[in-house]
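Colleague: Following is a predicted model, sequence given first.
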Amino acid sequence: MDAPRQLSIDLPALTVSALSWGPDDGPLALCLHGFPDTAWTWRYLGPFLAARGWRVVAPFSRGYAPTDVPADGDYRVGALMDDAIELHRALGGDDRAVVIGHDWGAATVHALGAHAPAPFSRIVALAVPPTAVALPAPGGPPYDWKLMPGQLRRSWYMLFNQLPWLPERLLPRLVPQLWSAWSPGFDGSDDVARVAAALATPERRSAALGYYRAMPRPGRGDPRYAARHADWLGIPAVPTLYLHGADDGCIGAGFVGPAWAALPAGSVVDLIQGAGHFLQLERPDVVNARIADFLGPALS
């Protein structure tokens, strides 16, 4: 595994720290992590795409050290979209740029794919389908209500994260339990340690929990993100690769079918056997190959 370069990127709302692989003049592949995780989740994909000519940049998401805790305190998908679009601008991304996301990063890339004008030519989402597929949404695609009971059981932590102060205190204990439950049989201890370092203070832990606490209050937040956040329930309009682990203990594999039906022409959906929620770490051989095939060569 090639060691990444460390970047510090000043955006209008905050300074973002990131890991980077590949040539500075390659087309941009922006990789967004989720919860509870860090930019190191891309340590296998980054060198793999870099060897194929991509400039891979994996930021630590807002609130996750060493990226700033944003002064605006906004953790809605619209704010995450804005960070990605500003990174595209700051890094000199062009119309070849692609965006790849896992978990909250996947929710963000689905919304970016629905945003017009689309800033990325292709998107790759891992483990989380478009929000309008995962949740019944007005005007969204038909919802498979048979999936709801099982998903409610898996999503207990979302309700727990709404509580005041207690999740901040218990998050260091909760994180290893989630990794174990979401990716059964996978040893995520190295990544759990990285999460502990990224969320080492109460302020950092409140930031990570803020992503969930913003969900029931989509209209509250910094108005500068309102136009972007309007697309958080959208279906991507650009070709999308959606990968889901067959043994995912966080989001049931039953959502793969509805995602396939909802995504636009040119999209690809695949169920990865022998993998849970953190499929990019559990089956990097398969996941990396699927992503590289979908993106094609990094043409200069």
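Modeller: Everything's here; your move. Numbering: from 1, shown residues only.
Colleague: Surely Leu19 touches Leu7?
Modeller: Yes: contact criterion CB atoms under 8 Å: Leu19 and Leu7 qualify, at 7.4 Å. Every C-beta, even on glycine, is put in place using the N, C-alpha and C of the backbone.
Colleague: any common contacting residues for these two?
Modeller: Both Leu19 and Leu7 are in contact with Val57, where contact means CB atoms under 8 Å, 6 or more residues apart in numbering.
Colleague: Looking at those two, which is more packed in?
Modeller: Leu19 (21 against 16; other CB atoms under 10 Å).
Colleague: Skipping adjacent residues, who's closest to that one in space?
Modeller: Pro4 (3.8 Å; CB to CB, 6 or more residues apart in numbering).
Colleague: Who are the contact partners of the residue nearest to the spatial centre of the chain?
Modeller: Residue closest to the average C-alpha location in the chain (CA atoms, centre = their mean): Gly105, at 1.3 Å. By CB under 8 Å, 6+ apart, the contact list for Gly105 reads 31-34, 61, 126.
Colleague: need those in CSV with neighbour count, distance to Ala84 and secondary structure, can you?
Modeller: Below are the contacts of Gly105 laid out as CSV (neighbours: other CB atoms under 10 Å; distance: CB to CB, whole Å; DSSP: H, G, I helix; E, B strand; the rest coil):
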residue, neighbour count, distance to Ala84, secondary structure
Cys31, 29, 10, strand
Leu32, 28, 7, strand
His33, 26, 12, coil
Gly34, 23, 13, coil
Ser61, 27, 10, coil
Leu126, 29, 15, strand
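Colleague: Let me know the closest of the residues you listed to Asp25.
Modeller: Cys31 (18.4 Å; CB to CB).
Colleague: Tell me how far the closest one lies from Ala111.
Modeller: Using CB to CB, to the nearest Å, Cys31 is found at 16 Å from Ala111.
Colleague: Then Glu203?
Modeller: From Glu203 to Ala111 the distance is 26 Å (CB to CB).
Colleague: higher neighbour count, these two?
Modeller: A direct count of neighbours by other CB under 10 Å for Glu203 and Ala111 places Ala111 higher, at 27 against 12.
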